[in-house]
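In: pasting the sequence and the predicted coordinates here, then a few questions.
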Amino acid sequence: MNDKYINRVICGDSLEVLKEIDDNSIAGCITDPPYNYEFIGRNWDDEEIERRIKRSQEKESSTLVKNIPYGSGLAGGVRNERWYKKNRDNILEYRDWIKVWGAELFRVLKPGSYVLVFNSTRTSAHIQVALEDVGFYARDTIVWRRQSGIPKGLNAEKKLEKMGDENSELWKGWHSALRSEWEAITVVQKPLVNNYLNTLQKYDVGLLKTKGANIDGFQSNIIEDIKRDPKTESNTHITIKPLELIQKLVEMVIPPIEGNVVIDPFLGSGTTAVAAINLGISWIGIERNPEYVSIANDRIEKASSNK
Ligand SMILES: C[S@@+](CC[C@H](N)C(=O)[O-])C[C@H]1O[C@@H](n2cnc3c(N)ncnc32)[C@H](O)[C@@H]1O
């Protein structure tokens with residue numbers, strides 16, 4: 001049944017498409033899902049920004065920040081009980097959503113397969129717990145150190161100064177957040193059959209490949225010094241992951257053995273597929289936005305013809 005999906009981008013909802021994939025047939029998953037429940041179903045593009053501007057004007061709100069989704073951790077507003085409850089509800093809905101696709105993913109993966117899921121430092125624990133709830137075993141969290149992040153939060157001294165507070169200097173150096181310099185990649189594994197070697201012999205997966213000079217040592221769980229991809233006008237996706245990073249992750253968990261297939265159920269502009277092509281590994285991508293499917297297919301075509 002999988003044949004019609006291999007090396008293809010399927011335009012559809014992962015929650016449905018995953019159901020059509022064979023049990024115990026996929027060698028691993030590398031994916032970058034929407035980072036919170038309120039982002040699901042929104043493109044977060046010009047249209048979405050416009051919708052929010054309009055909404056804030058209608059409500060005579062002075063700030064757009066108030067209209068940023070709760071789950072993003074950037075939402076403004078008074079920190080009252082309602083605010084915290086909205087955040088909490090949002091994260092619980094998000095966990096339930098992960099469990100729906102997580103359970104299907106569990107079914108389609110071979111025993112011993114890894115799942116690597118990008119998420120924010122604030123929400124990665126929920127990804128781990130939700131995936132554990134559907135049967136996966138938590139293995140690690142990879143730190144992708146990317147050195148820059150969206151500056152978010154309050155500089156107390158500056159804000160108080162603006163408000164005319166004469167004691168503002170007392171709060172020099174005090175902020176409401178830490179500088180965000182890394183992104184979390186949650187690592188879970190479908191249970192082994194007896195042990196690593198039995199699993200490897202039967203299913204061709206289960207271990208983690210070391211790259212670099214110290215090949216006899218273990219692969220570090222910190223990844224840094226990843227090159228940014230050159231900007232292209234044709235790829236307008238807003239959350240593209242660097243190809244070098246995804247390639248490193250694919251190499252880490254998918255042995256390049258015939259029959260091994262990597263899946264990305266939230267493919268976006270196709271980075272996982274391009275990484276797999278460059279490494280000579282089969283892949284399946286699922287993306288529900290047709291515009292992104294078309295961007296992904298263009299990138300995939302280029303990568304295949306460069307091979
Ligand atoms: C964070 S982006 C992935 C970006 C990707 N890593 C890249 O480098 O281009 C997440 C993608 O998941 C897609 N998506 C969200 N919900 C989905 C669903 N239920 N089924 C399939 N795709 C979905 C979104 O349209 C979005 O393109």
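Out: On my side now, so go ahead.

In: hey, let's count contacts and neighbours off CA atoms from now on
Out: Fine.

In: so how far is K158 from G164?
Out: Plainly put, G164 is 10 Å away from K158 if you go by CA to CA, to the nearest Å.

In: so which residues on the stretch 201-307 of the chain come close to the ligand?
Out: 239-241, 265-271, 286-289 (CA under 6 Å from any ligand atom).

In: switch those over to JSON lines; also include secondary structure, pLDDT and distance to P255.
Out: Listed next are these as JSON lines, based on DSSP: H, G, I helix; E, B strand; the rest coil; pLDDT from 0 to 100; distance: CA to CA, whole Å:
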{"residue": "T239", "secondary structure": "coil", "pLDDT": "78", "distance to P255": "27"}
{"residue": "I240", "secondary structure": "coil", "pLDDT": "88", "distance to P255": "24"}
{"residue": "K241", "secondary structure": "coil", "pLDDT": "93", "distance to P255": "22"}
{"residue": "P265", "secondary structure": "coil", "pLDDT": "98", "distance to P255": "20"}
{"residue": "F266", "secondary structure": "coil", "pLDDT": "97", "distance to P255": "22"}
{"residue": "L267", "secondary structure": "coil", "pLDDT": "97", "distance to P255": "21"}
{"residue": "G268", "secondary structure": "coil", "pLDDT": "95", "distance to P255": "24"}
{"residue": "S269", "secondary structure": "coil", "pLDDT": "95", "distance to P255": "24"}
{"residue": "G270", "secondary structure": "coil", "pLDDT": "97", "distance to P255": "20"}
{"residue": "T271", "secondary structure": "helix", "pLDDT": "97", "distance to P255": "18"}
{"residue": "I286", "secondary structure": "strand", "pLDDT": "98", "distance to P255": "22"}
{"residue": "E287", "secondary structure": "strand", "pLDDT": "97", "distance to P255": "24"}
{"residue": "R288", "secondary structure": "coil", "pLDDT": "94", "distance to P255": "28"}
{"residue": "N289", "secondary structure": "coil", "pLDDT": "93", "distance to P255": "30"}
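
In: what's the closest of those to E251?
Out: Comparing these against E251 with CA to CA places T271 closest, at 13.8 Å.

In: on that earlier part again, list buried residues within the residues of the stretch 201-307 of the chain next to the ligand.
Out: Listed as buried from those are K241, P265, F266, L267, G268, S269, G270, T271, I286, E287, R288, N289; burial here means 16 or more other CA atoms under 10 Å.

In: ok, the fifth one - contacts?
Out: Think G268. Shown in contact with G268 (CA atoms under 8 Å, 6 or more residues apart in numbering): H237, I240, E287, Y292, V293, A296.
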